Structures are given as C-alpha cells and as structure tokens.
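Enquirer: Fold the following, please.
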Amino acid sequence: MQKVRNALGAFLCLVLASVAQSQSLPKDVGVRYSEQVSNGPAGACGCFALEGAAGDFYWVVQHYKEGKPLYLGFVADVGVEHTGDVNGAGYGLTLTTVTAGPRAVVRPIGKVRPFAQVLIGMAHGSGSQFPQNGSLAPSATSFALNLGAGADYSLNKRISVRFLQLDYLRTALPNNSTDWQNNLRIGAGITLHF
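Expert: Down below sits the predicted model:
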C-alpha cells in the first residue's frame with residue numbers, strides 16, 4: 001500500500017507542477033457543501049451519511065474552438081466529510097479525499113455550464129476503526145477514484161453557483177470484507193472565475 005501511496009503522490013505532484021508551470025493561476029476556484037452516503041462496515045446493515053465541505057481548482061488546458069462543443073482542463077479536488085456515528089457501531093469517521101484529473105466542460109447552455117470529470121488520488125479515513133494486521137487502527141489511507149458531473153449557473157462573469165455536483169467516489173479502506181467502499185456524494189456551492 002505504501003508503494004501505491006507514493007506512486008499516486010508522485011503522479012499528483014508531477015501533474016500539478018506541469019499545470020502550474022503552464023499557467024500560474026487556476027481559471028476557477030470552487031467551494032461547496034457536500035453530503036455523502038457510504039456503505040456500512042462489514043457485519044453492519046445499510047448505509048450511513050457524512051457531511052462536510054469540498055473545494056476544487058480548475059485550470060483550462062484547451063479553450064473553446066469554433067465548432068467544438070467542449071473544452072478540456074485539469075482539476076484538483078479536496079473534500080472532507082465527517083460523521084460521529086457509523087450505523088450505531090460506536091465510532092465515527094472523517095474521510096478526507098485528494099484527487100485530480102481531467103475535466104470536460106460543455107459550451108454554456110444559456111447561463112448553465114455543465115461538466116464531467118474523472119479524478120484519481122488518495123482517501124484518508126481517521127477517527128474510526130480500520131482492521132489492519134489483526135488489530136484495529138484509528139486511521140487508514142487508500143486509493144480513491146472519483147467520477148463526477150455537475151453544473152454551474154453564471155451570476156456574472158466572475159461568480160457562478162454550483163447548483164449541483166454529483167460524484168461516485170470509490171475508496172479502498174480496510175473493512176474486514178472486500179476493502180472497497182462505494183460512496184455517493186452530492187454538493188452545491190460557489191465558483192469564482194478568474
């Protein structure tokens with residue numbers, strides 16, 4: 001697992017460095033409230049909810065061209081969600097995710113600008129119980145895959161309302177079962193354009 005973390009960390013650093021070298025500032029910076037539904041731990045029934053905040057930085061890589069319906073960019077996304085109770089198990093969970101990857105933005109439809117993205121990175125769970133090497137650890141780190149889509153409604157040329165962002169987040173934290181978690185995250189917030 002340490003090799004996976006190091007490889008992902010190195011990949012994210014290289015991508016962010018190349019983006020930073022080509023453009024010094026992101027085109028968009030967004031913050032949003034997020035609500036997340038996660039599947040319960042092994043031996044527990046149902047799902048549980050977390051809530052928190054997330055933010056993203058978006059750099060344009062390819063601008064609109066005449067006749068092209070979308071443009072491409074790179075996004076880095078950070079989210080922190082928390083619950084004090086994982087399905088009555090007697091412990092909570094704080095889930096922090098750091099992911100990055102490509103985002104395709106559709107040409108605005110009126111004042112609405114839809115997008116879709118595929119992000120990879122890391123998830124860190126803390127304040128919980130994770131089975132590791134025959135005992136329970138209070139934290140764990142894993143791979144994270146974030147497939148998402150959303151839309152911004154432009155209020156003016158500098159501010160948009162992110163009225164919806166929907167993400168499927170897959171993590172691989174240890175859980176005495178498959179070591180896979182399927183999470184559905186929904187959010188809304190504000191996006192600033194530069």
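
Enquirer: make it CA atoms for all contacts and neighbour counts henceforth
Expert: OK.

Enquirer: residue ranges of the helices in the chain, please?
Expert: With DSSP state H as the criterion, the chain has helices at 2-22.

Enquirer: Count the neighbours of the closest residue in space to Asn87 that isn't next to it in sequence for me.
Expert: Nearest residue to Asn87, sequence neighbours excluded (C-alpha to C-alpha, 6 or more residues apart in numbering): Phe48, at 6.0 Å. Applying other C-alpha atoms under 10 Å, we find 17 residues neighbouring Phe48.

Enquirer: On the pLDDT front, check Leu100 for me.
Expert: For residue 100 the amino acid is Ala, not Leu. Ala100 carries a pLDDT score of 96 in this model.

Enquirer: what does Arg5 give?
Expert: For Arg5, the model assigns a pLDDT of 55.

Enquirer: next one: Leu14
Expert: For Leu14, the model assigns a pLDDT of 52.

Enquirer: So what touches stretch 82-97?
Expert: If you take C-alpha atoms under 8 Å, 6 or more residues apart in numbering as the criterion, stretch 82-97 is touched by 40-41, 44-52, 77-81, 121-129, 144.

Enquirer: what residues are up against the closest residue to Ser34 other than its chain neighbours?
Expert: Closest residue to Ser34 apart from its sequence neighbours, by C-alpha to C-alpha, 6+ apart: Gly187 at 4.2 Å. Residues near Gly187 by C-alpha under 8 Å, 6+ apart: Arg32, Tyr33, Ser34, Glu35, Phe163, Leu164, Gln165, Leu166.

Enquirer: what's across from Gly187 in the sheet?
Expert: Beta bridges link Gly187 to Ser34, Gln165, judged by DSSP bridges.

Enquirer: do Ala137 as well
Expert: Beta-bridge pairing of Ala137 under DSSP bridges involves Phe130.

Enquirer: give me every residue that touches it.
Expert: Ala137 touches Ser128, Gln129, Phe130, Pro131, counting by C-alpha under 8 Å, 6+ apart.

Enquirer: Retrieve the pLDDT associated with it.
Expert: For Ala137, the model assigns a pLDDT of 91.

Enquirer: Quick check: Gly148 touching Leu166?
Expert: Yes - under the criterion of C-alpha atoms under 8 Å, Gly148 makes contact with Leu166 at 5.6 Å.

Enquirer: for the protein, where's the lowest mean pLDDT among helices and strands?
Expert: helix 2-22 (a mean of 53; mean pLDDT, DSSP states H and E).
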